[in-house]
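> Have a look at this fold, sequence not included:
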């Protein structure tokens, strides 16, 4: 007597399949994040340009130049520039390091776990 049970081999979804999907998602997410950051940077640059134009309309160029030549404001301005450079360098290094780690983690292939497939019973 036959019960009508068929046996077939299905490919098991392995860890590499999961990582392949995660890689694709991570690349898309990275692209989206970079696009959003690019838009934010352009907006910041535009806001800075508008602020500079406003400064130039409100403050006479001679007054601005005289203020920049004063010793204490000049030193503070230089210190502020150096501080901003340090912060920007630290942020850039952190960005590159995290990005490199993530890409390495995502892109390195993983060895398969267990067998190459599993047996599935179908029908009844």
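Cool, the structure landed. Only a predicted model underlies this, so the values are computations on that prediction, with no experimental measurement involved. Numbers count the residues shown, from 1 in each chain.
> Residue 56 in helix, strand or coil?
Three-state call for residue 56 (DSSP: H, G, I helix; E, B strand; the rest coil): helix.
> any idea how far it is from residue 49?
11 Å (CB to CB, to the nearest Å). C-betas here are computed from N, CA, C, even on glycine.
> what bits of this structure have low per-residue confidence?
1-13, 109-124 (pLDDT under 70).
> For the chain, which segments are assigned as strands?
Ranges of strands within the chain are 6-11, 117-122, based on DSSP state E.
> Tell me, how many residues neighbour residue 16?
For residue 16, the count of nearby residues is 14 (other CB atoms under 10 Å).
> just residue 27 next, same as before
That count, for residue 27 with other CB under 10 Å as the rule, works out to 13.
> again, but for residue 76
Neighbours of residue 76 (other CB under 10 Å): 11.
> now residue 106
Residue 106 - counted by other CB under 10 Å - has 16 other residues nearby.
> contacting residues for it?
Shown in contact with residue 106 (CB atoms under 8 Å, 6 or more residues apart in numbering): 19, 22, 23, 26.
> Please list the members of those that lie in helices.
19, 22, 23, 26 (DSSP state H).
> which residues touch the last one?
The contact partners of residue 26, by CB under 8 Å, 6+ apart, come to 102, 106.
> mind starting the numbering at 714 from now?
Yep, numbering from 714; the last one is residue 739 now.
> gap between it and residue 759?
From residue 739 to residue 759 the distance is 30 Å (CB to CB).
> ditto for residue 795
From residue 795 to residue 759 the distance is 26 Å (CB to CB).
> do the same with residue 790
In terms of CB to CB, residue 790 sits 23 Å off from residue 759.
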